[in-house]
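# Predicted model follows, preceded by the sequence.
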Amino acid sequence: MTTQPLINLQGIKKIFYTEEVETTALNDIHLTIDHGEYVSISGPSGCGKSTLLSVMGLLNSSTEGKYFLNGAEVTGLRSSEHARVRNREIGFIFQAFNLIPDMSAFENVELPLIFRNDLTRKQRHELVMAALEQVNIPERQKHFPAQLSGGQQQRVAIARALVGKPKVLLADEPTGNLDSKNARLVMDLLDQLHNQGSTIVMVTHDPRFAERADRQVSLFDGKIMDDRRLPASSTAVTVGVTA
């Protein structure tokens, strides 16, 4: 069994500069996440939740600190290397789905694989269909986003996140654009993926959904204020956090 954490953030600080204004979005974040964990990140608007997720996903670089992903430091990599790591090791689920309107569900899911030269066309097709099956929407493969409901669009987006078999799924308010019924269905799907072994880190403002995770991390003013496990996850290995 893997003993090193999948994600290891050490003293992460993120400062945004606009003209003469300096805004500290993340302030000395120490956080480790193990393989197979389901972690929710919550807190008030502007507390740094999405910034933290974007740093984990290598969409944003930290101003200070070190980031180790699966044991390898990714802090100082070039942008091209960040893109390669994102494509192979990180799956993203966004609030706004971020599907391309003039591409079918199949083509949207296949998109991350187009940039991988280690896969044949047949292998890409098999991976896409497996991902669509995993989210229970293979029959919609030829439909365009406008022909799908919000819940179906998010399922396609989740399939796209899964298709490259990433080490971690990062979900930023995945139910934010959905009605209550579809939100529950998407959360049920995330539960299912976690039970199948996926590592999930989810930003959410909804305490009901945060409580579905094994572990809840609370931010305030860019700092970790609380990090706790739910009793149901008592068999998991305890992960320490330095605030």
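Sure thing, it's come through.
# Tell me which residue is most central in this protein.
With distances taken as CA atoms, centre = their mean, the chain has residue 170 as the residue nearest its mean C-alpha position (0.3 Å).
# Phi first, then psi, for that residue.
Backbone geometry at residue 170, expressed as degrees, to the nearest 10, gives phi -110, psi 120.
# And residue 35, by the same measure?
The phi and psi torsions at residue 35 (degrees, to the nearest 10) take the values phi -60, psi 130.
# 59 is where my numbering starts, stick with that
In the new count, where the first residue is 59, that last one comes out as residue 93.
# I'd like the distance between it and residue 130.
Residue 93 is 14 Å from residue 130, where distance means CB to CB, to the nearest Å. In this view, the C-beta of every residue, glycine as well, is placed from N, C-alpha and C.
# that older thread, for the nearest residue to the residue nearest to the centre of the chain once chain neighbours are set aside, give me its contacts.
Nearest in space to residue 228, with sequence neighbours left out and distances taken as CB to CB, 6 or more residues apart in numbering, is residue 115 at 4.9 Å. Contact partners of residue 115, counting by CB atoms under 8 Å, 6 or more residues apart in numbering, are 144, 148, 150, 228.
# which residues sit against the helix or strand residue 125 falls within?
In the assignment (DSSP states H and E), residue 125 maps to strand 122-127. Contact with strand 122-127 is made by 63-71, 86-87, 113-114, 131-133, 143, 147, 225, as judged by CB under 8 Å, 6+ apart.
# That strand: which residues count as buried?
123, 125, 126, 127 (16 or more other CB atoms under 10 Å).
# Same question for stretch 242-262.
243-245, 247-248, 251-252, 256-262.
# So which residues make contact with that stretch?
Contacts for stretch 242-262 (CB under 8 Å, 6+ apart): 64-65, 91-100, 107-108, 110-111, 114, 192-194, 209, 212-213, 216, 220, 225-233, 236, 267-268, 270-272.
# What's the ChimeraX syntax to select whichever of those are buried?
Selection of buried members from these for ChimeraX, criterion 16+ other CB under 10 Å:
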select :64,65,91,92,93,94,95,96,97,98,99,100,107,108,110,111,114,192,193,209,212,213,216,220,225,226,227,228,229,230,231,232,233,236,267,268,270,271,272
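# Among the contacts of stretch 242-262, name the ones in strands.
65, 91, 96, 97, 98, 99, 100, 226, 227, 228, 229, 230 (DSSP state E).
# could you dump those residues to CSV with distance to residue 203?
Listed next are the ones in strands among the contacts of stretch 242-262 as CSV, based on distance: CB to CB, whole Å:
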residue, distance to residue 203
65, 31
91, 31
96, 28
97, 29
98, 27
99, 27
100, 29
226, 25
227, 20
228, 21
229, 19
230, 18
